[in-house]
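Asks: Can you look at this prediction? I've put the sequence above it.
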Amino acid sequence: MELNIFYLLITAAGLTDGSSMKAKNLALYGKATQLVLVVNPYASFGHAYNAIDGNTDSHYDHALCTATELQNNPWWRVDLLDKYTVTFVTITNRADFCPERINGAEIHIRNPRIHT
């Protein structure tokens, strides 16, 4: 049984509507959640929303990225709160320690109103 921890910074860029050709960071307007918060829930370290706040500092000790506890099948997700055409997703891994922990990560893009 393999245990994993993810450290992430996310950019989900896409078109805001069918007529617009200008891409923007849609994750900034979303709601992030994760399976388990690492360490102290009252500290700023590891919160899911740190991955979508627009700050690309990928050093965990700066309290600007997210992390999950060591666990089986950890997950993190962002709800974009509306329907968009997503043109690309950027994942920034933790830069200061254990970059291999993201190995095996999967990205799924779906509309939860269609798929249950």
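Replies: Happy to help now that I have it.
Asks: Please enumerate the strands of the protein.
Replies: Taking DSSP state E, the strands of the chain run over residues 7-15, 23-25, 31-34, 66-67, 76-79, 85-93.
Asks: pretty sure residue 37 contacts residue 46?
Replies: Yes: in this structure, residue 37 is within contact of residue 46 by C-beta atoms under 8 Å, at 5.9 Å. For glycine as for every other residue, the C-beta is placed from the backbone atoms N, C-alpha and C.
Asks: Mutual contacts of those two, please.
Replies: Here residue 37 and residue 46 have residue 68 as joint contacts, going by C-beta atoms under 8 Å, 6 or more residues apart in numbering.
Asks: These two: who's more crowded?
Replies: Using other C-beta atoms under 10 Å as the criterion, residue 37 and residue 46 rank with residue 46 on top: 23 against 18.
Asks: Look up which residues are beta-bridged to the more buried one.
Replies: Here residue 46 sits in beta bridges with residue 66, going by DSSP bridges.
Asks: Hmm, residue 64 and it touching each other?
Replies: No: counting by C-beta under 8 Å, residue 64 is not a contact partner of residue 46; they are 10.3 Å apart.
Asks: Identify the residues contacting residue 44.
Replies: Counting by C-beta under 8 Å, 6+ apart, residue 44 makes contact with 50, 63.
Asks: Could you rerun that using 6 Å?
Replies: Residues in contact with residue 44, defined by C-beta atoms under 6 Å, 6 or more residues apart in numbering, are residue 63.
Asks: What's the per-residue pLDDT of it here?
Replies: On pLDDT, residue 44 comes in at 73.
Asks: Same question for the one 3 residues further on.
Replies: In this model, residue 47 is scored at 86, pLDDT.
Asks: out of everything not next to it in sequence, what's closest to it?
Replies: Distance criterion C-beta to C-beta, 6 or more residues apart in numbering; nearest residue to residue 47, sequence neighbours excluded, is residue 66 at 6.2 Å.
Asks: residues near that neighbour, how many?
Replies: Residues contacting residue 66 under the criterion other C-beta under 10 Å number 25.
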